[in-house]
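Student: would you be able to build a 3D model of this:
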Amino acid sequence: MEERNKDNGKKKRNYFAGLGISFGAAFGSILGLLLFDNLALGAGVGVAIGLILGAGIDAQKNKSE
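Tutor: All right, here's what the predicted structure looks like:
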């Protein structure tokens, strides 16, 4: 079932990969400071995990449509 935008009839898409990156960077930075004492390492790990989770959610949503 496709959701159509009333303005131009295009299919509405959700972009969870971007949300995953942003939330992953934020939470990863905090955890990096607490666990590793390294902000950059935590942010990198958080971005990687957030991108994987967001891309997975995107794929699942596109599959169901």
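Student: how near is the most centrally placed residue in the chain to L39?
Tutor: Centroid-nearest residue in the chain, with CA atoms, centre = their mean: G20, separated by 1.8 Å. As judged by CB to CB, to the nearest Å, G20 and L39 stand 19 Å apart. For glycine as for every other residue, the C-beta is placed from the backbone atoms N, C-alpha and C.
Student: flag the shaky bits of this protein, pLDDT-wise.
Tutor: 1-12, 65 (pLDDT under 70).
Student: who's in contact with K63?
Tutor: For K63, the contact set (CB atoms under 8 Å, 6 or more residues apart in numbering) is empty.
Student: so where does it fall, helix or strand?
Tutor: Under the criterion of DSSP states H and E, K63 resides in helix 39-64.
Student: list the buried residues of that helix.
Tutor: By 16 or more other CB atoms under 10 Å, the buried positions in helix 39-64 come out as 41-47, 49-51, 53-54, 57-58.
Student: pull the contacting residues for the nearest residue to G32 once chain neighbours are set aside.
Tutor: In space, and not counting its chain neighbours, G32 is closest to G42: 1.3 Å by CB to CB, 6 or more residues apart in numbering. By CB under 8 Å, 6+ apart, the contact set of G42 is G28, S29, I30, L31, G32, L33, L35, F36.
Student: are any of the residues you listed buried, and if so which?
Tutor: When those are checked for burial by 16+ other CB under 10 Å, the buried set is G28, S29, G32.
Student: extract the C-alpha trace of stretch 23-38 and format it as CSV.
Tutor: Only the C-alpha atoms of stretch 23-38 are listed here, as CSV (Å, rounded to 0.1, in the frame of the first residue of the first chain):
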residue,chain,number,x,y,z
PHE,A,23,20.9,9.5,17.2
GLY,A,24,23.9,7.0,17.0
ALA,A,25,26.4,9.8,17.0
ALA,A,26,24.7,11.5,20.0
PHE,A,27,24.4,8.3,22.1
GLY,A,28,27.8,7.0,20.9
SER,A,29,29.5,10.2,22.0
ILE,A,30,28.0,9.9,25.5
LEU,A,31,28.9,6.2,25.8
GLY,A,32,32.3,6.9,24.4
LEU,A,33,33.1,9.4,27.1
LEU,A,34,31.8,7.0,29.8
LEU,A,35,33.2,3.7,28.6
PHE,A,36,36.3,4.5,26.4
ASP,A,37,37.2,8.0,27.6
ASN,A,38,37.4,8.8,23.9
